[in-house]
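[1] what follows is a predicted protein model with its sequence.
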Amino acid sequence: MSLQTRPAGEAGRSAWKYLMSKETINVYVNGRRVDIYRGMKVKHALIAYDQSLYRAALAGEVRVEDANGFSVGLEGGLSDGARLFTIAAA
């Protein structure tokens with residue numbers, strides 16, 4: 001018995017699209033919605049928003065905070081609806 005990873009045909013494409021839509025989450029970076037796959041990290045949200053912002057965070061030029069004002073690392077996990085803000089480093 002083989003394990004099929006993607007259903008075939010038109011009905012299969014619709015089913016695949018539905019399943020994949022459940023695998024994405026919405027996070028907000030500086031107020032703008034970014035769709036990423038479940039399990040991705042803060043760094044992936046920054047890259048999806050603006051790769052140069054991610055580079056600035058790597059260089060220590062900006063820091064990332066959550067909606068409560070706590071600093072979060074680039075390897076931090078995300079959940080659906082998470083809100084991230086970038087702040088210029090002092």
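    That came in fine, so what should we check first?
[2] how much space separates residue 86 from residue 62?
    For residue 86, the distance to residue 62 equals 5 Å [CB to CB, to the nearest Å]. The way it works is simple: take the backbone N, C-alpha and C, and place the C-beta from them, glycine included.
[3] what is in contact with those two at once?
    53, 56 (CB atoms under 8 Å, 6 or more residues apart in numbering).
[4] tell me the contacts of residue 26?
    Shown in contact with residue 26 (CB under 8 Å, 6+ apart): 33, 34, 35, 80, 81.
[5] how about residue 37, what does it touch?
    23, 24, 25, 44.
[6] what does residue 29 give?
    45, 46, 48, 49, 53, 84, 85, 86.
[7] what's around the closest residue to it other than its chain neighbours, how many residues?
    Nearest residue to residue 29 in three dimensions, chain neighbours excluded: residue 49, at 4.0 Å (CB to CB, 6 or more residues apart in numbering). Number of residues near residue 49 (other CB atoms under 10 Å) recorded here: 20.
[8] before we move on, the earlier item: so which of the contacts of residue 26 wins on neighbours?
    Going by other CB under 10 Å, residue 34 tops those with 21 neighbours.
[9] strand partners of the helix or strand harbouring it, parallel vs antiparallel please.
    Assigned by DSSP states H and E, residue 34 falls within strand 32-37. According to DSSP bridges, strand 32-37 forms sheet pairs with strand 24-29 (antiparallel).
[10] convert the C-alpha atoms of the strand it pairs with to CSV, please.
    C-alpha atoms of strand 24-29 as CSV (Å, rounded to 0.1, in the frame of the first residue of the first chain):
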residue,chain,number,x,y,z
THR,A,24,-1.1,28.5,7.4
ILE,A,25,-1.5,31.0,10.2
ASN,A,26,-2.0,34.8,10.1
VAL,A,27,0.5,36.9,12.0
TYR,A,28,0.9,40.6,12.0
VAL,A,29,4.2,42.5,11.6
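[11] which stretches of this structure form strands?
    24-29, 32-37, 62-66, 83-88 (DSSP state E).
[12] mind putting those into JSON lines with distance to residue 76 and mean pLDDT?
    As requested, the strands of the chain are arranged in JSON lines below (distance: least, CB to CB, whole Å; pLDDT from 0 to 100):
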{"stretch": "strand 24-29", "distance to residue 76": "11", "mean pLDDT": "96"}
{"stretch": "strand 32-37", "distance to residue 76": "13", "mean pLDDT": "96"}
{"stretch": "strand 62-66", "distance to residue 76": "8", "mean pLDDT": "97"}
{"stretch": "strand 83-88", "distance to residue 76": "9", "mean pLDDT": "97"}
